[in-house]
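In: any chance you could fold what I've pasted below:
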Amino acid sequence: MKTVVINASGGGTDTGISGNGLVEKNVTLEISNIIKNILESKGVNVYMLRSGDKTISYDDRIKDLKSKFPNSKDVIVLSNTLNSGGGSGIEIVYALKNKDTLASKLDKNLSYFNNSKYYQLRLPSDTTKDYYYLTRNTPGYETIIVRYGYADNAKDAGIIKNNMEELASSVADALLDYIGVLDDEGVYVVKSGDTLYSLAKKFNTTVDELKKLNGLTNNSLSLNQKLKVPSNVTSPLPPSESTSASTYKVVKGDTLYSIAKKFNTTVDEIKKLNNLGSSSLSINQLLKIPTSNLTTYKVLKGDTLYGIAKKFNTTVDNIKAKNKLTNNNLSIGQVLYI
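Out: Here you go, the predicted structure:
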């Protein structure tokens, strides 16, 4: 499994870009720590090139990276930064040597908050090389830079201030999707050192429940084996004139952004429905989830999940996730959220 190395720009005497109440070194460290916590909660190994308010040169960061992780193929290097200069929006810069797969996933998630784009940037004096120093001097490593907005743009600054946790969560979600650790349907990819006991503890369940869910007859696991983990979504309430919400139990690693994304709603709608004054969540907290944004469908004779997914231009996995389905069986009259 890949390690994610996070580079929070600035630090110490290098305050970075400032504007509209934002100080780059503070913003990037806060976002980096949130991403770190989410990734680690999913079993991903994370290393911070800057973990406090310290002045660390880019030469020292590069030296640290290469010393700690000499096998570059096992590492993704994420740099969190701000922008300035009169522009607007979120920008994602990926290395010349890399494909745009991760960049496109980040762009898709971050476009929820602001206009976003992804691109490569070349050194003007030598267009065969990357523009940014860290990227240029870490050949072999998969490097990507997220510039969360323009500090000198009031709109961008407001988006960053009000959505710090959600922005970080959207980046973490893209990384998890790219690495393939845990997808939206609750599938975990076994890594070196995992045991059923450690996974049961990680996902707040039991060994027997994991074995039953995955049809396992013994405790043996293999590297990269995919395991289903128990869903913590409560059974959706059947839609009726008096019902406008279902309920969801918060698990470790959840954020309002990731929950809103799962249920096709917005952070603001969830906060309003649950009278939340902040984006903070606690494990096992029960949240009401708006159902007004979810289409409902009553299963008819002959229906299959594939046919329903095709009808509504979605996927079988999405329908199963929204309805806490562990298999493809349907019953006539069953009500599904789409």
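In: is it true that Met164 touches Glu30?
Out: Yes. If you go by C-beta atoms under 8 Å, Met164 and Glu30 touch, sitting 6.0 Å apart. Every C-beta, even on glycine, is put in place using the N, C-alpha and C of the backbone.
In: do a quick rundown of the helices in the protein.
Out: For the chain, applying DSSP state H gives helices covering 24-41, 58-68, 101-110, 133-136, 154-162, 164-179, 196-202, 207-214, 256-262, 267-273, 305-311, 316-323.
In: a markdown table for the ones you listed, including mean pLDDT?
Out: Output for those, formatted as a markdown table (pLDDT from 0 to 100):
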| stretch | mean pLDDT |
| --- | --- |
| helix 24-41 | 93 |
| helix 58-68 | 97 |
| helix 101-110 | 93 |
| helix 133-136 | 97 |
| helix 154-162 | 94 |
| helix 164-179 | 88 |
| helix 196-202 | 79 |
| helix 207-214 | 87 |
| helix 256-262 | 80 |
| helix 267-273 | 85 |
| helix 305-311 | 80 |
| helix 316-323 | 78 |
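In: turn these into TSV, columns for mean neighbour count and distance to Ser246.
Out: Shown next, in TSV, are these (neighbours: other C-beta atoms under 10 Å; distance: least, C-beta to C-beta, whole Å):
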stretch	mean neighbour count	distance to Ser246
helix 24-41	21	24
helix 58-68	15	44
helix 101-110	20	23
helix 133-136	19	44
helix 154-162	17	26
helix 164-179	23	21
helix 196-202	16	26
helix 207-214	15	22
helix 256-262	21	11
helix 267-273	17	11
helix 305-311	15	18
helix 316-323	19	9
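In: which one of the ones you listed lies nearest to Ser88?
Out: Ser88 sits nearest to helix 154-162 of all the helices of the chain, at 5.7 Å, using C-beta to C-beta.
In: residues contacting Tyr94?
Out: Counting by C-beta atoms under 8 Å, 6 or more residues apart in numbering, Tyr94 makes contact with Asp100, Leu102, Ala103, Tyr118, Tyr119, Gln120, Thr143, Ile144, Ile145.
In: how far away is Thr326 from Gly180?
Out: Plainly put, Thr326 is 20 Å away from Gly180 if you go by C-beta to C-beta, to the nearest Å.
In: kindly report the same for Asn83.
Out: Using C-beta to C-beta, Asn83 is found at 30 Å from Gly180.
In: neighbour count winner among these two?
Out: Neighbour comparison, Asn83 and Gly180: the larger count goes to Asn83, with 20 against 14 (by other C-beta atoms under 10 Å).
In: pretty sure the more buried one contacts Gly19?
Out: No. In this structure, Asn83 is not within contact of Gly19 by C-beta under 8 Å, at 10.1 Å.
In: how about Lys129, nearest residue that isn't a chain neighbour?
Out: Leu123 (4.4 Å; C-beta to C-beta, 6 or more residues apart in numbering).
In: so what sits against both of Asn83 and Gly19?
Out: Tyr150, Ala151.
In: can you name the residues that contact Val267?
Out: Taking C-beta under 8 Å, 6+ apart as the criterion, Val267 is in contact with Asn163, Glu166, Leu256, Tyr257, Ala260, Ser279.
In: contacts only, for the last one.
Out: By that I understand Ser279. For Ser279, the contacting residues are Glu165, Glu166, Thr255, Leu256, Val267, Lys271, by C-beta under 8 Å, 6+ apart.
In: tell me the backbone dihedrals of it, please.
Out: phi -90, psi 10 (degrees, to the nearest 10).
In: measure it to Ala151 for me?
Out: As for Ser279, its distance to Ala151 is 21 Å (criterion: C-beta to C-beta).
In: ok, back up a step: the helices of the chain: which one's closest to Leu49?
Out: Leu49 lies closest to helix 58-68 among the helices of the chain, at 4.6 Å (C-beta to C-beta).
In: and the contacts of the closest one?
Out: Here helix 58-68 makes contact (C-beta under 8 Å, 6+ apart) with Val5, Asn7, Tyr47, Leu49, Arg50, Val75, Val77, Tyr133, Leu134, Asn137, Thr138, Tyr141.
In: got the domain ranges for the protein?
Out: Using automatic domain parsing, the domain parsing of the chain gives 3-179, 187-228, 245-337.
In: before we move on, the earlier item: could I get the contacts of Val267 as JSON lines with distance to Ala174?
Out: What follows is the contacts of Val267, written out as JSON lines (distance: C-beta to C-beta, whole Å):
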{"residue": "Asn163", "distance to Ala174": "15"}
{"residue": "Glu166", "distance to Ala174": "13"}
{"residue": "Leu256", "distance to Ala174": "17"}
{"residue": "Tyr257", "distance to Ala174": "11"}
{"residue": "Ala260", "distance to Ala174": "15"}
{"residue": "Ser279", "distance to Ala174": "19"}
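In: that'll do, ta.
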